[in-house]
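*Asks:* For reference, the sequence and a predicted model appear below.
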Amino acid sequence: MYRKNVLSCIVFICLFITFACQKGIHWDIGSEGLLVKDSNNNCLPVEINGNYIQDSATNSNNYIAVDVNVTSVGSYSIYTDSINGYQFKASGNFNSTGTFHVKLACSGKPVAADTDYFIIHYNTSACEATIIVKTNATPAAVFSLQGSPGKCLNDTVIATYTKGVALDTSDKATISVNVISPGRYDILTNNVNGYVFKADGIFTATGVQTISIYPEGIPADTGINVFSVKGDSLSCNLKVKIKTDEAVFTLQGAPGKCMNDSVMGTYVKNIPLDTFSKVSIEINVIATGSYNIKTNLVNGYFFSGAGIFTTTGIQLVTLYAQGAPVNSGTDIFNVSTGALSCSFEVTVLADYIIVNSNDYFPLTEGSYWIYDDLFTIGNTIKRTINGDSAINDTTYSIMKVTDNYGITTQSLYTNINDNYFEYAREDSYTSSMQYAKAHLTHLLFLNKNVHAGDYWESPEFQDETTFNQVIVLKYGYKCLKADAIVTVNGKAFANVCIIEMRPQIHALQNPWGYTNEIYTYYYAKGIGLIYYYAVSNFGFRKAEWKIKSWQVN
């Protein structure tokens with residue numbers, strides 16, 4: 001018998017230890033997280049509910065609601081200190097993480113009419129809320145809401161209510177009331193879709209009259225919101241329509257060809273597209289807001305664009321290509337919005353030009369390049385390597401440049417250790433000023449192994465200008481893209497490097513500043529310069545060339 005009792009005791013102790021050590025949720029462990037607030041420590045959002053009257057007891061309609069971002073589950077206690085005879089508290093358990101809307105119930109009664117600033121505490125986090133306590137010198141009014149218990153009578157919603165846009169005092173609604181006995185009044189609606197309506201004041205006369213109620217909060221979604229307007233012991237219903245934050249616009253040219261469409265970039269069979277491939281079309285914005293435009297999928301790719309229209313009227317919008325063309329040919333895309341659509345065409349090339357050289361800027365004798373001059377329509381420009389010249393122990397290739405008008409110039413270039421240099425005047429690439437004396441220098445404009453994002457600068461040049469002021473000048477070069485595939489004059493070129501050059505100047509003791517001139521060069525391996533575009537210091541195009549034909553020896 002003794003042995004049996006001993007065994008029973010051992011089993012009991014083991015079971016006790018086993019159950020006591022099992023792990024579970026213990027609500028004596030406090031949750032962790034933060035009160036949501038703005039940069040001024042105001043609770044965000046904060047909902048103040050109920051009326052606060054001097055020397056009047058509070059009830060279940062009196063509470064503060066705040067948002068809490070919970071990062072660890074457990075019990076919680078959210079509270080304020082007691083101010084002016086009343087305070088707010090909430091406690092419970094958070095059994096999951098995330099953002100929670102918590103109501104803090106009010107207890108006590110305000111002692112004096114005042115503006116009370118409460119600090120709400122949750123663990124080590126705190127935020128502020130403001131409550132106005134009204135005087136009881138004026139008795140409560142007796143009134144009824146016209147239209148109760150149905151639709152509020154003579155209700156008018158003023159201003160535009162938009163999804164995601166904060167409401168302010170310019171937004172309001174009006175309703176009709178019948179005042180039986182003058183006095184103070186407080187009107188409050190329920191919270192619908194993230195916002196409420198409130199109003200308070202004093203009725204000084206009896207009879208039917210119109211009052212304004214004002215919204216607070218941010219509409220969370222579009223649609224029709226129905227509010228219950230509460231005043232005295234009755235209520236009536238108020239409807240508010242929340243419009244979308246999306247823009248309203250039409251496609252210029254619909255239902256035919258998109259107006260002023262401009263297709264940019266290179267489209268080659270089986271070559272993935274990037275942000276250099278895009279189209280701009282003309283639209284008419286009727287109402288500002290966000291937009292998201294997408295074409296149909298054609299031949300393995302499509303165009304899309306998103307953003308916000310901040311102004312109304314006719315303007316251009318850019319859509320970017322995504323995907324890779326499957327076949328060569330002409331593709332027709334439709335841009336749709338609402339019931340109308342417009343279309344634009346894209347030509348896909350079968351292949352790109354293949355070369356065997358990796359030289360971005362060939363300088364072989366007799367090589368030439370012919371360009372269409374888009375700045376002077378009908379003109380062509382021919383650049384030919386014609387001889388060489390030795391200067392300061394460096395041999396330069398002479399590039400002769402001629403046009404249809406018989407104008408001939410020449411430039412000097414060389415390649416040293418995969419670096420391409422031009423021997424030219426220091427001020428050759430700016431029209432913003434000119435040095436009084438001509439000084440020649442080496443300008444490093446390209447490297448055979450350049451990568452996208454590479455940036456380099458010329459030396460700084462300094463001298464007195466023709467307007468008798470000392471100016472410091474330098475050139476900044478940046479590789480916008482390397483190994484690109486680019487279409488010029490209906491031909492696709494591979495391994496293209498795009499270089500942007502911008503002059504910078506400053507007077508003595510002044511900071512650097514751009515001259516607003518921008519030079520953009522497209523160099524294709526094995527071929528050389530295939531496209532050139534220059535913008536003057538006034539922001540206007542001053543040169544544009546597109547390669548037409550070439551021969552590299």
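*Replies:* Sure, I can see it. Residues are numbered from 1 along each chain as shown.
*Asks:* Domain map for this protein?
*Replies:* 32-132, 142-242, 248-348, 368-551 (automatic domain parsing).
*Asks:* and those domains as CSV, adding mean neighbour count and mean pLDDT?
*Replies:* All C-beta spots, glycine's among them, are computed from the backbone N, C-alpha and C. CSV is the format used below for these (neighbours: other C-beta atoms under 10 Å; pLDDT from 0 to 100):
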stretch, mean neighbour count, mean pLDDT
domain 32-132, 16, 92
domain 142-242, 17, 88
domain 248-348, 17, 93
domain 368-551, 16, 95
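*Asks:* Next, please give the residue ranges for the helices of the stretch 301-450 of the chain.
*Replies:* Here the stretch 301-450 of the chain has no helices by DSSP state H, counting those that start in this stretch.
*Asks:* same check, this time on the chain
*Replies:* Using DSSP state H, the helices of the chain run over 2-21.
*Asks:* in it, which residue is closest to the centre?
*Replies:* residue 307 (7.2 Å; C-alpha atoms, centre = their mean).
*Asks:* for that residue, which residues make a bridge with it?
*Replies:* When bridges are taken as DSSP bridges, the partners of residue 307 come out as residue 291.
*Asks:* circling back: figure out which of the domains of the chain is closest to residue 358.
*Replies:* Closest to residue 358 of these, according to C-beta to C-beta: domain 368-551, at 5.1 Å.
*Asks:* So for that closest one, first residue to last residue, what's the gap.
*Replies:* With C-alpha to C-alpha, to the nearest Å as the measure, domain 368-551 spans 5 Å from end to end.
*Asks:* That domain: how far from the chain's middle?
*Replies:* 35 Å (C-alpha atoms, centre = their mean, to the nearest Å).
*Asks:* Next, format the domains of the chain as JSON lines and append distance to residue 360.
*Replies:* Shown next, in JSON lines, are the domains of the chain (distance: least, C-beta to C-beta, whole Å):
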{"stretch": "domain 32-132", "distance to residue 360": "51"}
{"stretch": "domain 142-242", "distance to residue 360": "50"}
{"stretch": "domain 248-348", "distance to residue 360": "18"}
{"stretch": "domain 368-551", "distance to residue 360": "4"}
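*Asks:* Of all these, which one is nearest residue 356?
*Replies:* domain 368-551 (6.5 Å).
*Asks:* thought residue 238 was touching residue 172?
*Replies:* No: using C-beta atoms under 8 Å, residue 238 makes no contact with residue 172, being 11.3 Å away.
*Asks:* helices or strands next to the top strand by length along the chain in the packing?
*Replies:* The longest strand of the chain (DSSP state E) is strand 470-488. On a contact count with 3 or more C-beta pairs under 8 Å, 6 or more residues apart in numbering; DSSP states H and E, strand 470-488 meets strand 440-447, strand 455-457, strand 461-464, strand 491-507, strand 518-524, strand 528-535.
*Asks:* Quick one: work out the angle between it and strand 440-447.
*Replies:* 30 degrees (axes from the mean of the first three to the mean of the last three C-alpha atoms, to 10 degrees).
*Asks:* report the angle between the axes of strand 470-488 and strand 528-535?
*Replies:* Using the same axes, to 10 degrees: strand 470-488 against strand 528-535 is 130 degrees.
*Asks:* Help me confirm that residue 140 comes into contact with residue 184.
*Replies:* Yes: using C-beta under 8 Å, residue 140 is in contact with residue 184, at 5.8 Å.
*Asks:* Common neighbours of the two, please.
*Replies:* Residues touching both residue 140 and residue 184 by C-beta atoms under 8 Å, 6 or more residues apart in numbering: none at all.
*Asks:* related to what we said a few turns ago, run through the residues that contact the residue nearest to the centre of the chain.
*Replies:* Per C-beta under 8 Å, 6+ apart, neighbours of residue 307: 290-291, 317.
*Asks:* Redo those as TSV? Include distance to residue 349.
*Replies:* Listed next are the contacts of residue 307 as TSV, based on distance: C-beta to C-beta, whole Å:
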residue	distance to residue 349
290	35
291	31
317	26
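*Asks:* Please identify which of those residues is nearest to residue 275.
*Replies:* Nearest member of those to residue 275, counting by C-beta to C-beta, is residue 317, at 15.0 Å.
*Asks:* about what we covered before: could you list the paired strands of the longest strand of the chain along with their orientation?
*Replies:* Using DSSP bridges, the strands paired with strand 470-488 are strand 455-457 (antiparallel), strand 461-464 (antiparallel), strand 491-507 (antiparallel).
*Asks:* Save these as CSV, and put in distance to residue 262 too.
*Replies:* Formatted as CSV, those follow (distance: least, C-beta to C-beta, whole Å):
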stretch, distance to residue 262
strand 455-457, 29
strand 461-464, 38
strand 491-507, 18
